[in-house]
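Asker: next input, structure requested:
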Amino acid sequence: MYILLWSILFLTLMNISIKQKNIDYSFDLICSRQAKGIAILLVILGHLNTEFYNWIFMQPLGTIGVTLFLFSSGYGLVKSYQRNGLDDFAIKRIKTVMFPYSTITFFWLIIDSLLGDNHSIIISLLALLGLDYTRTVDATMWYITFILFWYISFFLIFKYFKKNWLKVFISFCVSGVSLLIWSKQLVGGASYQWGVHALTFPAGIFYALYGETLIKKYKNKLIIPLFFTSVLSYYVNNMIGRVDGIHYLIADITSLIFIVIALIFIRRYGIRFKFIEIIGDYSYELYLIEGYLISKIINSNIIGERYSLLIYVILLLVLAFSLKKIVTYKKNIKSKYEHQVESE
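Answerer: Residues are numbered from 1 along each chain as shown. Now for the predicted structure:
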(Lines give C-alpha, C1' and ligand atoms only; values in the text may rest on other atoms or scores of the structure.)
Protein backbone atom coordinates (compact mmCIF):
# COMPACT_ATOMS: atom_id res chain seq x y z
CA MET A 1 0.00 0.00 0.00
CA TYR A 2 2.84 2.37 0.86
CA ILE A 3 4.53 1.57 -2.46
CA LEU A 4 1.31 2.27 -4.35
CA LEU A 5 0.84 5.65 -2.65
CA TRP A 6 4.43 6.71 -3.30
CA SER A 7 4.21 5.50 -6.91
CA ILE A 8 1.13 7.64 -7.57
CA LEU A 9 2.79 10.66 -5.98
CA PHE A 10 6.02 10.11 -7.96
CA LEU A 11 4.21 9.73 -11.30
CA THR A 12 2.12 12.83 -10.58
CA LEU A 13 5.09 15.03 -9.73
CA MET A 14 7.22 13.72 -12.58
CA ASN A 15 4.56 14.54 -15.17
CA ILE A 16 3.86 18.19 -14.42
CA SER A 17 3.86 20.60 -17.34
CA ILE A 18 3.26 24.33 -17.60
CA LYS A 19 1.39 25.40 -20.72
CA GLN A 20 -1.20 27.95 -21.78
CA LYS A 21 -3.00 29.61 -18.88
CA ASN A 22 -6.76 29.47 -18.44
CA ILE A 23 -7.57 33.16 -18.16
CA ASP A 24 -11.34 32.86 -17.60
CA TYR A 25 -11.24 30.70 -14.42
CA SER A 26 -13.56 28.13 -16.00
CA PHE A 27 -13.77 24.47 -15.03
CA ASP A 28 -12.60 23.53 -18.51
CA LEU A 29 -11.96 20.13 -20.10
CA ILE A 30 -8.51 19.85 -18.55
CA CYS A 31 -9.92 20.55 -15.08
CA SER A 32 -12.65 17.98 -15.71
CA ARG A 33 -10.14 15.31 -16.79
CA GLN A 34 -8.01 15.98 -13.73
CA ALA A 35 -11.06 15.91 -11.45
CA LYS A 36 -12.02 12.49 -12.82
CA GLY A 37 -8.44 11.27 -12.44
CA ILE A 38 -8.35 12.38 -8.81
CA ALA A 39 -11.82 10.90 -8.27
CA ILE A 40 -10.94 7.39 -9.42
CA LEU A 41 -7.64 7.39 -7.51
CA LEU A 42 -9.52 8.37 -4.34
CA VAL A 43 -12.11 5.64 -4.93
CA ILE A 44 -9.47 2.96 -5.50
CA LEU A 45 -7.37 4.04 -2.52
CA GLY A 46 -10.47 4.27 -0.33
CA HIS A 47 -11.57 0.75 -1.22
CA LEU A 48 -8.06 -0.67 -0.83
CA ASN A 49 -7.68 1.05 2.53
CA THR A 50 -10.77 -0.75 3.75
CA GLU A 51 -9.16 -4.08 2.90
CA PHE A 52 -5.55 -3.38 4.00
CA TYR A 53 -5.10 -0.88 6.81
CA ASN A 54 -8.34 0.96 7.52
CA TRP A 55 -6.41 4.14 8.21
CA ILE A 56 -8.77 6.76 9.64
CA PHE A 57 -7.56 9.63 7.46
CA MET A 58 -8.24 7.55 4.31
CA GLN A 59 -11.72 6.40 5.24
CA PRO A 60 -13.55 9.28 3.47
CA LEU A 61 -11.52 8.98 0.24
CA GLY A 62 -13.93 6.67 -1.58
CA THR A 63 -17.01 8.79 -0.95
CA ILE A 64 -15.11 11.98 -1.86
CA GLY A 65 -14.13 10.36 -5.16
CA VAL A 66 -17.75 9.50 -5.95
CA THR A 67 -18.70 13.08 -5.11
CA LEU A 68 -16.22 14.37 -7.69
CA PHE A 69 -17.62 11.98 -10.31
CA LEU A 70 -21.21 13.09 -9.68
CA PHE A 71 -20.35 16.79 -9.65
CA SER A 72 -18.42 16.46 -12.92
CA SER A 73 -21.32 14.53 -14.44
CA GLY A 74 -23.91 17.15 -13.50
CA TYR A 75 -21.65 19.96 -14.68
CA GLY A 76 -20.75 18.16 -17.92
CA LEU A 77 -24.35 17.37 -18.84
CA VAL A 78 -25.34 21.03 -18.50
CA LYS A 79 -22.43 22.11 -20.73
CA SER A 80 -23.39 19.45 -23.27
CA TYR A 81 -27.01 20.62 -23.13
CA GLN A 82 -25.94 24.22 -23.77
CA ARG A 83 -24.10 23.09 -26.92
CA ASN A 84 -26.41 20.41 -28.32
CA GLY A 85 -29.65 20.47 -26.37
CA LEU A 86 -31.15 17.07 -25.60
CA ASP A 87 -30.49 15.58 -29.04
CA ASP A 88 -29.70 11.86 -28.77
CA PHE A 89 -29.48 12.18 -25.00
CA ALA A 90 -30.49 8.58 -24.29
CA ILE A 91 -28.37 7.16 -27.11
CA LYS A 92 -25.27 8.98 -25.87
CA ARG A 93 -25.78 7.68 -22.33
CA ILE A 94 -26.21 4.13 -23.62
CA LYS A 95 -23.00 4.38 -25.64
CA THR A 96 -20.81 6.02 -23.02
CA VAL A 97 -22.23 4.59 -19.80
CA MET A 98 -24.36 1.51 -20.30
CA PHE A 99 -22.43 -0.25 -23.05
CA PRO A 100 -19.11 -0.34 -21.13
CA TYR A 101 -20.92 -1.23 -17.92
CA SER A 102 -22.98 -4.06 -19.46
CA THR A 103 -19.93 -5.39 -21.32
CA ILE A 104 -17.80 -5.72 -18.20
CA THR A 105 -20.73 -7.01 -16.13
CA PHE A 106 -21.35 -9.76 -18.70
CA PHE A 107 -17.66 -10.66 -18.34
CA TRP A 108 -18.00 -10.76 -14.53
CA LEU A 109 -21.04 -13.03 -14.80
CA ILE A 110 -18.99 -15.48 -16.89
CA ILE A 111 -16.10 -15.37 -14.38
CA ASP A 112 -18.49 -15.95 -11.46
CA SER A 113 -20.02 -18.90 -13.29
CA LEU A 114 -16.60 -20.45 -13.92
CA LEU A 115 -15.76 -20.00 -10.23
CA GLY A 116 -19.01 -21.74 -9.24
CA ASP A 117 -20.79 -18.59 -8.10
CA ASN A 118 -23.91 -18.82 -10.26
CA HIS A 119 -26.56 -16.07 -10.21
CA SER A 120 -30.24 -16.36 -11.00
CA ILE A 121 -31.51 -15.19 -14.39
CA ILE A 122 -33.35 -12.26 -12.78
CA ILE A 123 -30.29 -11.09 -10.86
CA SER A 124 -28.14 -11.44 -13.98
CA LEU A 125 -30.55 -9.42 -16.12
CA LEU A 126 -30.93 -6.73 -13.46
CA ALA A 127 -27.16 -6.55 -13.12
CA LEU A 128 -26.70 -6.15 -16.88
CA LEU A 129 -29.27 -3.33 -16.88
CA GLY A 130 -27.68 -1.59 -13.91
CA LEU A 131 -30.74 -2.15 -11.74
CA ASP A 132 -29.52 -4.78 -9.28
CA TYR A 133 -30.10 -2.98 -5.98
CA THR A 134 -28.99 -6.15 -4.15
CA ARG A 135 -25.48 -5.54 -5.56
CA THR A 136 -24.95 -9.29 -5.88
CA VAL A 137 -22.41 -9.21 -8.72
CA ASP A 138 -20.45 -6.08 -7.72
CA ALA A 139 -21.34 -4.16 -4.57
CA THR A 140 -19.73 -0.95 -5.86
CA MET A 141 -22.10 -0.74 -8.82
CA TRP A 142 -24.88 0.93 -6.83
CA TYR A 143 -23.44 3.98 -8.60
CA ILE A 144 -24.87 2.88 -11.97
CA THR A 145 -28.42 2.72 -10.64
CA PHE A 146 -27.89 6.07 -8.93
CA ILE A 147 -26.49 7.82 -12.01
CA LEU A 148 -29.29 6.39 -14.20
CA PHE A 149 -31.76 7.92 -11.73
CA TRP A 150 -30.09 11.30 -12.20
CA TYR A 151 -29.85 10.97 -15.99
CA ILE A 152 -33.60 10.43 -16.21
CA SER A 153 -34.23 13.29 -13.79
CA PHE A 154 -31.91 15.59 -15.74
CA PHE A 155 -33.64 14.82 -19.03
CA LEU A 156 -37.11 15.50 -17.65
CA ILE A 157 -36.06 18.68 -15.83
CA PHE A 158 -34.24 20.21 -18.79
CA LYS A 159 -36.97 19.17 -21.22
CA TYR A 160 -39.96 20.60 -19.38
CA PHE A 161 -38.50 23.56 -17.41
CA LYS A 162 -37.06 26.55 -19.24
CA LYS A 163 -35.86 28.89 -16.49
CA ASN A 164 -32.40 28.10 -15.17
CA TRP A 165 -33.26 28.92 -11.57
CA LEU A 166 -36.20 26.54 -11.80
CA LYS A 167 -34.00 23.77 -13.19
CA VAL A 168 -31.66 24.15 -10.23
CA PHE A 169 -34.53 24.30 -7.74
CA ILE A 170 -36.24 21.19 -9.14
CA SER A 171 -32.90 19.35 -9.21
CA PHE A 172 -32.40 19.90 -5.50
CA CYS A 173 -36.04 18.94 -4.90
CA VAL A 174 -35.40 15.65 -6.71
CA SER A 175 -32.50 15.04 -4.34
CA GLY A 176 -35.21 14.73 -1.68
CA VAL A 177 -36.19 11.43 -3.34
CA SER A 178 -32.63 10.23 -2.83
CA LEU A 179 -32.77 11.26 0.83
CA LEU A 180 -36.11 9.44 1.21
CA ILE A 181 -34.57 6.28 -0.23
CA TRP A 182 -31.84 6.60 2.38
CA SER A 183 -34.19 7.16 5.30
CA LYS A 184 -36.52 4.29 4.28
CA GLN A 185 -33.67 1.94 3.27
CA LEU A 186 -35.43 1.24 -0.05
CA VAL A 187 -32.43 -0.12 -1.94
CA GLY A 188 -30.77 -2.20 0.75
CA GLY A 189 -27.17 -1.51 1.73
CA ALA A 190 -26.79 1.06 -1.04
CA SER A 191 -29.44 3.32 0.54
CA TYR A 192 -26.74 4.97 2.64
CA GLN A 193 -24.84 5.99 -0.49
CA TRP A 194 -27.97 7.50 -2.03
CA GLY A 195 -28.34 9.75 0.98
CA VAL A 196 -24.71 10.81 1.33
CA HIS A 197 -24.51 11.77 -2.36
CA ALA A 198 -28.00 13.21 -2.72
CA LEU A 199 -26.87 16.82 -3.26
CA THR A 200 -23.77 16.35 -5.41
CA PHE A 201 -25.26 15.96 -8.90
CA PRO A 202 -27.53 19.02 -8.41
CA ALA A 203 -24.46 20.90 -7.15
CA GLY A 204 -22.83 20.23 -10.53
CA ILE A 205 -25.92 21.61 -12.29
CA PHE A 206 -25.91 24.71 -10.06
CA TYR A 207 -22.23 25.35 -10.66
CA ALA A 208 -22.59 25.05 -14.44
CA LEU A 209 -25.56 27.45 -14.55
CA TYR A 210 -24.58 29.98 -11.86
CA GLY A 211 -21.46 29.13 -9.87
CA GLU A 212 -18.97 29.36 -12.70
CA THR A 213 -20.31 32.79 -13.70
CA LEU A 214 -19.75 34.03 -10.15
CA ILE A 215 -16.20 32.62 -10.10
CA LYS A 216 -15.36 34.32 -13.39
CA LYS A 217 -16.83 37.61 -12.20
CA TYR A 218 -15.30 37.84 -8.73
CA LYS A 219 -12.23 35.62 -9.28
CA ASN A 220 -9.85 35.67 -6.28
CA LYS A 221 -12.34 37.63 -4.18
CA LEU A 222 -14.52 34.52 -4.17
CA ILE A 223 -12.02 31.73 -4.82
CA ILE A 224 -9.68 32.41 -1.90
CA PRO A 225 -12.42 32.70 0.80
CA LEU A 226 -14.12 29.54 -0.51
CA PHE A 227 -10.81 27.68 -0.50
CA PHE A 228 -9.92 28.49 3.10
CA THR A 229 -13.51 28.07 4.30
CA SER A 230 -13.60 24.55 2.86
CA VAL A 231 -10.30 23.66 4.56
CA LEU A 232 -11.49 25.00 7.91
CA SER A 233 -14.87 23.28 7.62
CA TYR A 234 -13.26 19.95 6.76
CA TYR A 235 -10.91 20.25 9.74
CA VAL A 236 -13.72 21.15 12.17
CA ASN A 237 -15.86 18.29 10.83
CA ASN A 238 -13.05 15.83 11.55
CA MET A 239 -12.37 17.31 14.98
CA ILE A 240 -15.97 16.72 16.04
CA GLY A 241 -15.22 13.02 15.77
CA ARG A 242 -18.65 11.74 14.71
CA VAL A 243 -18.71 9.11 11.96
CA ASP A 244 -22.10 8.93 10.27
CA GLY A 245 -23.89 10.02 7.12
CA ILE A 246 -23.86 13.71 8.07
CA HIS A 247 -20.11 13.56 8.73
CA TYR A 248 -19.43 12.08 5.31
CA LEU A 249 -21.86 14.48 3.62
CA ILE A 250 -19.97 17.47 5.07
CA ALA A 251 -16.63 15.88 4.18
CA ASP A 252 -17.84 15.37 0.61
CA ILE A 253 -19.06 18.94 0.10
CA THR A 254 -16.05 20.62 1.71
CA SER A 255 -13.62 18.37 -0.19
CA LEU A 256 -15.48 19.04 -3.44
CA ILE A 257 -15.15 22.81 -2.98
CA PHE A 258 -11.47 22.46 -2.05
CA ILE A 259 -10.56 20.26 -5.05
CA VAL A 260 -12.58 22.20 -7.64
CA ILE A 261 -11.19 25.56 -6.48
CA ALA A 262 -7.66 24.13 -6.35
CA LEU A 263 -7.94 22.75 -9.89
CA ILE A 264 -9.28 26.06 -11.22
CA PHE A 265 -6.55 28.01 -9.46
CA ILE A 266 -3.78 25.68 -10.63
CA ARG A 267 -5.17 25.70 -14.17
CA ARG A 268 -5.19 29.52 -14.05
CA TYR A 269 -1.37 29.40 -13.98
CA GLY A 270 -1.14 26.81 -16.75
CA ILE A 271 -0.05 23.91 -14.53
CA ARG A 272 -1.15 20.48 -15.76
CA PHE A 273 -0.78 17.08 -14.14
CA LYS A 274 -0.46 14.84 -17.20
CA PHE A 275 -0.49 11.56 -15.28
CA ILE A 276 -3.72 12.54 -13.53
CA GLU A 277 -5.24 13.56 -16.86
CA ILE A 278 -4.40 10.18 -18.40
CA ILE A 279 -5.96 8.41 -15.43
CA GLY A 280 -8.99 10.68 -15.88
CA ASP A 281 -9.38 9.51 -19.47
CA TYR A 282 -9.70 5.93 -18.19
CA SER A 283 -11.56 6.82 -14.99
CA TYR A 284 -14.91 5.26 -15.87
CA GLU A 285 -13.37 2.01 -17.08
CA LEU A 286 -11.23 1.83 -13.95
CA TYR A 287 -14.30 2.44 -11.80
CA LEU A 288 -16.21 -0.39 -13.46
CA ILE A 289 -13.40 -2.85 -12.76
CA GLU A 290 -11.70 -1.91 -9.48
CA GLY A 291 -14.42 -2.99 -7.04
CA TYR A 292 -14.98 -6.45 -8.51
CA LEU A 293 -11.24 -7.17 -8.63
CA ILE A 294 -10.89 -6.23 -4.96
CA SER A 295 -13.54 -8.79 -4.03
CA LYS A 296 -11.93 -11.50 -6.16
CA ILE A 297 -8.22 -10.82 -5.58
CA ILE A 298 -7.64 -8.70 -2.48
CA ASN A 299 -10.36 -10.37 -0.41
CA SER A 300 -9.54 -13.90 -1.53
CA ASN A 301 -6.82 -16.10 -0.11
CA ILE A 302 -5.98 -17.64 -3.48
CA ILE A 303 -2.90 -15.55 -4.26
CA GLY A 304 -1.69 -14.45 -0.87
CA GLU A 305 -1.36 -11.01 0.60
CA ARG A 306 2.23 -10.51 -0.57
CA TYR A 307 1.43 -10.45 -4.29
CA SER A 308 -2.29 -9.67 -4.33
CA LEU A 309 -1.91 -5.89 -4.58
CA LEU A 310 0.61 -6.12 -7.42
CA ILE A 311 -1.57 -8.53 -9.40
CA TYR A 312 -4.61 -6.37 -8.65
CA VAL A 313 -2.95 -3.24 -10.08
CA ILE A 314 -1.71 -5.08 -13.18
CA LEU A 315 -5.10 -6.64 -13.91
CA LEU A 316 -6.88 -3.35 -13.24
CA LEU A 317 -4.75 -1.46 -15.77
CA VAL A 318 -4.89 -4.20 -18.41
CA LEU A 319 -8.66 -4.69 -18.18
CA ALA A 320 -9.40 -0.94 -18.11
CA PHE A 321 -7.23 -0.41 -21.20
CA SER A 322 -8.89 -3.36 -22.96
CA LEU A 323 -12.40 -2.17 -22.13
CA LYS A 324 -11.55 1.30 -23.42
CA LYS A 325 -10.27 -0.22 -26.66
CA ILE A 326 -13.45 -2.29 -27.10
CA VAL A 327 -15.65 0.78 -26.64
CA THR A 328 -13.45 2.92 -28.92
CA TYR A 329 -13.35 0.19 -31.58
CA LYS A 330 -17.14 -0.05 -31.58
CA LYS A 331 -17.41 3.73 -32.01
CA ASN A 332 -14.90 3.73 -34.87
CA ILE A 333 -16.70 0.90 -36.69
CA LYS A 334 -20.01 2.75 -36.43
CA SER A 335 -18.47 6.04 -37.56
CA LYS A 336 -16.96 4.36 -40.65
CA TYR A 337 -20.31 2.74 -41.47
CA GLU A 338 -22.20 6.02 -41.12
CA HIS A 339 -19.59 7.77 -43.28
CA GLN A 340 -19.96 5.11 -45.99
CA VAL A 341 -23.77 5.43 -45.93
CA GLU A 342 -23.55 9.20 -46.28
CA SER A 343 -21.11 8.86 -49.20
CA GLU A 344 -23.35 6.49 -51.19
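
Asker: please identify the helix or strand for residue 20.
Answerer: When elements are assigned from DSSP states H and E, residue 20 belongs to no helix and no strand.

Asker: got a list of what residue 78 touches?
Answerer: 204-205, 208-209 (CB atoms under 8 Å, 6 or more residues apart in numbering). For glycine as for every other residue, the C-beta is placed from the backbone atoms N, C-alpha and C.

Asker: recalculate using a threshold of 7 Å.
Answerer: 205, 208-209 (CB atoms under 7 Å, 6 or more residues apart in numbering).

Asker: what helix or strand does it sit in?
Answerer: Element membership for residue 78, per DSSP H and E: helix 61-84.

Asker: what residues sit buried inside that helix?
Answerer: Residues 61-79, 81 are the ones in helix 61-84 that count as buried (16 or more other CB atoms under 10 Å).

Asker: now swap in stretch 46-55 and tell me
Answerer: Under 16+ other CB under 10 Å, the buried positions of stretch 46-55 are 46-52.

Asker: again, but for stretch 184-204
Answerer: For stretch 184-204, a neighbour-count test (16+ other CB under 10 Å) marks 187, 190-204 as buried.

Asker: same check on stretch 276-291?
Answerer: Buried residues in stretch 276-291, counted by 16+ other CB under 10 Å: 276-277, 279-280, 282-291.

Asker: now stretch 219-227
Answerer: For stretch 219-227, burial by neighbour count (16+ other CB under 10 Å) applies to 222-223, 226-227.

Asker: mean confidence score for it?
Answerer: The average pLDDT within stretch 219-227 is 90.

Asker: same question, stretch 288-305
Answerer: Stretch 288-305 comes out at a mean pLDDT of 77.

Asker: these two touch, right, residue 71 and residue 205?
Answerer: No: the criterion here is CB atoms under 7 Å, and residue 71 misses it with residue 205 at 9.4 Å.

Asker: nearest spatial neighbour of the residue nearest the centre of the chain, chain-adjacent residues omitted?
Answerer: By CA atoms, centre = their mean, the chain has its centre lying nearest to residue 69, at 2.7 Å. Spatial nearest neighbour of residue 69, excluding adjacent residues (CB to CB, 6 or more residues apart in numbering): residue 39 at 4.8 Å.

Asker: state the distance from that neighbour to residue 67.
Answerer: 8 Å (CB to CB, to the nearest Å).

Asker: low-confidence stretches in the chain?
Answerer: 1-2, 241-243, 299-306, 330-344 (pLDDT under 70).

Asker: returning to that earlier point: identify the farthest-apart pair in the buried residues of stretch 276-291.
Answerer: Farthest apart among the buried residues of stretch 276-291 by CB to CB are 277 and 291. That separation is 23.1 Å.

Asker: got the buried residues for the helix or strand that residue 41 is a member of?
Answerer: Counting by DSSP H and E, the element that carries residue 41 is helix 29-52. Using 16+ other CB under 10 Å as the test for burial, helix 29-52 gives 30-52.

Asker: cool, stretch 131-141 as well?
Answerer: Quick answer for stretch 131-141 (16+ other CB under 10 Å): 132-133, 135-138, 140-141.

Asker: now these as JSON lines including distance to residue 238 and secondary structure?
Answerer: Putting the buried residues of stretch 131-141 into JSON lines (distance: CB to CB, whole Å; DSSP: H, G, I helix; E, B strand; the rest coil) gives the following:
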{"residue": "132", "distance to residue 238": "34", "secondary structure": "coil"}
{"residue": "133", "distance to residue 238": "31", "secondary structure": "coil"}
{"residue": "135", "distance to residue 238": "29", "secondary structure": "coil"}
{"residue": "136", "distance to residue 238": "34", "secondary structure": "coil"}
{"residue": "137", "distance to residue 238": "34", "secondary structure": "coil"}
{"residue": "138", "distance to residue 238": "30", "secondary structure": "coil"}
{"residue": "140", "distance to residue 238": "25", "secondary structure": "helix"}
{"residue": "141", "distance to residue 238": "29", "secondary structure": "helix"}
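
Asker: quick one: these as JSON lines, columns for distance to residue 87 too.
Answerer: Putting those into JSON lines (distance: CB to CB, whole Å) gives the following:
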{"residue": "132", "distance to residue 87": "30"}
{"residue": "133", "distance to residue 87": "31"}
{"residue": "135", "distance to residue 87": "33"}
{"residue": "136", "distance to residue 87": "36"}
{"residue": "137", "distance to residue 87": "33"}
{"residue": "138", "distance to residue 87": "32"}
{"residue": "140", "distance to residue 87": "32"}
{"residue": "141", "distance to residue 87": "28"}
